[in-house]
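J.: Got a predicted model here, sequence first, then my questions.
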Amino acid sequence: MEFKELYRSDKYYSVGVDDDTGDPVIEVTITGIAWTDYYFRLTPEEFDRFKSDHASLDDLADRMAYDKGAKYFTDRLIRN
């Protein structure tokens, strides 16, 4: 996967596309001692809604950061 950033939020996430496939992706930064980035697939609906309302992904990014793809977002986790 080659992440191409389209938008960076001040809430520790970025939205972009996988340059290899064109799929929408969210990069969530986990803060702490070592900052780590996790990449998750977005649905086309989430990506379309985001285009007109950037804050629409704030809650989703928070939930993904908390979960880290371990339980609820495993099927959407691309890599960390």
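T.: On my side now, so go ahead.

J.: can we go C-alpha only for contacts and neighbour counts from here?
T.: Fine.

J.: and residue 21, backbone torsions?
T.: Dihedral angles of residue 21 (phi, psi; degrees, to the nearest 10) stand at phi -110, psi -20.

J.: and it, how many neighbours does it have?
T.: Close neighbours of residue 21, defined as other Cα atoms under 10 Å, add up to 9.

J.: and it, how far is that from residue 78?
T.: From residue 21 across to residue 78, the span is 13 Å (Cα to Cα, to the nearest Å).

J.: Tell me if residue 7 really is in a helix.
T.: No - per DSSP: H, G, I helix; E, B strand; the rest coil, residue 7 lies outside any helix segment and is strand.

J.: So which bits of the worst-scoring helix or strand of the chain on mean pLDDT are buried?
T.: Ranking every helix and strand in the chain by mean pLDDT, DSSP states H and E puts strand 77-79 at the bottom, with a mean of 88. Across strand 77-79, burial judged by 16 or more other Cα atoms under 10 Å covers 77, 78.

J.: Next, give phi and psi for the residue of the chain most remote from its centre.
T.: Relative to the centre of the chain, the most outlying C-alpha is that of residue 33, 20.5 Å out, by Cα atoms, centre = their mean. Main-chain torsions, residue 33, degrees, to the nearest 10: phi -60, psi -50.
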